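1. sequence? don't have it. structure:
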């Protein structure tokens, strides 16, 4: 510690007047800080301390002379540091090449060149996220409990809707699906916390921010899908829908939910806060819930607004699910086509649209996090 100012000055980074030394030196080795000198300092360390060069030997000699420590003791201290470094590498399960890079101080900063591979970063981050959720399962349990509560409430509201007329059935299907889509917003408010963690940890180059966001999305996708399972089961049987349509119910229910969830999570990634993101994405979100096949469909929207139906995940899910549930009843299919303007034969197009919609939104989510939430921003 006492040699810090002298060391940094010797490698070309003198301490400015009237500034906290620790803050200044941390800024100089933080790659995301404007005006950092991390690359030069890594090179100086590699040539000196790790390489056994003159700077390291001089520093070791000074420590020995000023603190009455023998050169042998100083050498042993340096060996102890190296042993601890090797133990760290072993605990991280680094390969020989990665160990060599870390041991030589050759840790490149920026978007490329982390000391461990993509998959190793993914594995470590995945393990951490899963452990955090297992240690505190209250969030997941609350999510499931809310889904069950909503399912029972809607099931009672539209009890045995499958025995009613086509118009009432479509209304029940549309409401149940849109409520499931809307439920994904419950977890969005919690994402501001992880966003701050990303800022702090990514600044130290502990891992790629893109990998972290992918892991977060996958973990949330898993427990969101788990929470939706009882919801879809309860509503399906309480509405008394055709039994052979259960597979279609899950297919379009999940595809629509995942697509809308992917869109809603962009409110976190694009905005500085959730509220700010909602303001910026108000039109896409409004399109999802307005063009739903019930209140807005090809029978009642103006021609110049039909684009909203083509880009709404809700419409594609409601349209295809309604037609699939009653595919064995030509009269009901005809009623759906005549009353709501539903189009038969668009199942493949619907599948492609919902999958692509989710993928595009997820890519935007990752890119927005990486580009818009650097610490200096």
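-> Okay, I see it. Bear in mind the structure is a predicted one, so any value in this text is a computation, not a measurement.

2. quick check: longest helix of this protein.
-> For the chain, the helix with the greatest residue count under DSSP state H is helix 209-238.

3. Now do it: which elements does it pack against?
-> Secondary structure elements in contact with helix 209-238, counted by 3 or more C-beta pairs under 8 Å, 6 or more residues apart in numbering; DSSP states H and E, are helix 118-135, helix 138-157, helix 166-183, helix 192-203, helix 246-264, helix 347-372. C-beta: built from backbone N, CA, C; applies to glycine.

4. Least confident of these, on average?
-> Note on the helices and strands packed on helix 209-238: lowest mean pLDDT is at helix 192-203, with a mean of 63.

5. neighbours around residue 119, how many?
-> 9 (other C-beta atoms under 10 Å).

6. ok, so what distance separates it from residue 222?
-> Noted for residue 119: a distance of 19 Å to residue 222, by C-beta to C-beta, to the nearest Å.

7. Any regions of the protein where pLDDT drops low?
-> Scanning the chain with the threshold set as pLDDT under 70 gives 48-78, 81-82, 84-115, 187, 189-206, 274, 373-377.

8. redo that, cut-off 80
-> Scanning the chain for pLDDT under 80 picks out 1-2, 31-34, 46-117, 139, 184-210, 268-269, 271-278, 369-377.

9. what's the domain layout of it?
-> Domain assignment for the chain by automatic domain parsing gives 4-103, 118-372.

10. which of those domains sits most buried?
-> Among these, domain 118-372 has the highest mean neighbour count (mean count of other C-beta atoms under 10 Å), at a mean of 18.

11. what's the span of that one, first residue to last?
-> 22 Å (C-alpha to C-alpha, to the nearest Å).

12. Then stretch 281-297?
-> By C-alpha to C-alpha, the extent of stretch 281-297 from end to end equals 22 Å.

13. Make 587 the first number, not 1, from now on.
-> Done: numbering now begins at 587, and the last item shifts to stretch 867-883.

14. Can you name the residues in contact with that stretch?
-> Outside stretch 867-883, the residues within contact range by C-beta atoms under 8 Å, 6 or more residues apart in numbering are 756-757, 760-761, 764, 767-768, 846, 849-850, 852-853, 856-857, 864, 887, 891, 894-895, 897-901, 904-905, 908, 926-928.

15. How far off centre is it?
-> Remark: stretch 867-883 is offset 25 Å from the chain centroid, using C-alpha atoms, centre = their mean, to the nearest Å.

16. same thing with stretch 747-763?
-> Between the centre of stretch 747-763 and the centre of its host chain there is 34 Å, according to C-alpha atoms, centre = their mean.

17. neighbouring contacts of that stretch?
-> So stretch 747-763 is contacted by 740, 744, 821, 825-828, 838-839, 842-843, 878-880, 900, 903-904, 907-908, 911-912, 918, 921-922, 925-926 (C-beta under 8 Å, 6+ apart).

18. please redo it, this time with the cut-off set to 6 Å
-> Contacts with stretch 747-763, where a contact means C-beta atoms under 6 Å, 6 or more residues apart in numbering, come from 740, 744, 821, 825-827, 842, 878-880, 903-904, 908, 918, 921.

19. Let me know the closest of these to residue 793.
-> Distance to residue 793, by C-beta to C-beta, is smallest for residue 842 among the contacts of stretch 747-763, at 32.6 Å.

20. pretty sure the closest one is touching residue 903, no?
-> Yes: here residue 842 reaches residue 903: they are 3.2 Å apart, a contact under C-beta atoms under 6 Å.

21. returning to what we had before: now the helices and strands packed on helix 795-824 as a markdown table including distance to residue 797?
-> A markdown table is the format used below for the helices and strands packed on helix 795-824 (distance: least, C-beta to C-beta, whole Å):
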| stretch | distance to residue 797 |
| --- | --- |
| helix 704-721 | 5 |
| helix 724-743 | 22 |
| helix 752-769 | 28 |
| helix 778-789 | 10 |
| helix 832-850 | 18 |
| helix 933-958 | 9 |
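
22. Between the ones you listed, which one is closest to residue 613.
-> Closest among the helices and strands packed on helix 795-824, using C-beta to C-beta: helix 778-789, at 10.5 Å.

23. Spatially, what comes nearest to residue 952 if we skip its sequence neighbours?
-> Closest residue in space to residue 952, ignoring its immediate chain neighbours: residue 799 at 4.9 Å, by C-beta to C-beta, 6 or more residues apart in numbering.

24. before we move on, back to that, so which of the helices and strands packed on helix 795-824 is nearest residue 630?
-> Each of these has some distance to residue 630 by C-beta to C-beta; the shortest is helix 778-789, at 21.3 Å.

25. Nearest spatial neighbour of residue 863, chain-adjacent residues omitted?
-> In space, and not counting its chain neighbours, residue 863 is closest to residue 857: 2.7 Å by C-beta to C-beta, 6+ apart.

26. ok, that neighbour to residue 800 distance?
-> The spacing between residue 857 and residue 800, counted by C-beta to C-beta, is 20 Å.

27. Please apply the same query to residue 749.
-> Going from residue 749 to residue 800 by C-beta to C-beta gives 45 Å.
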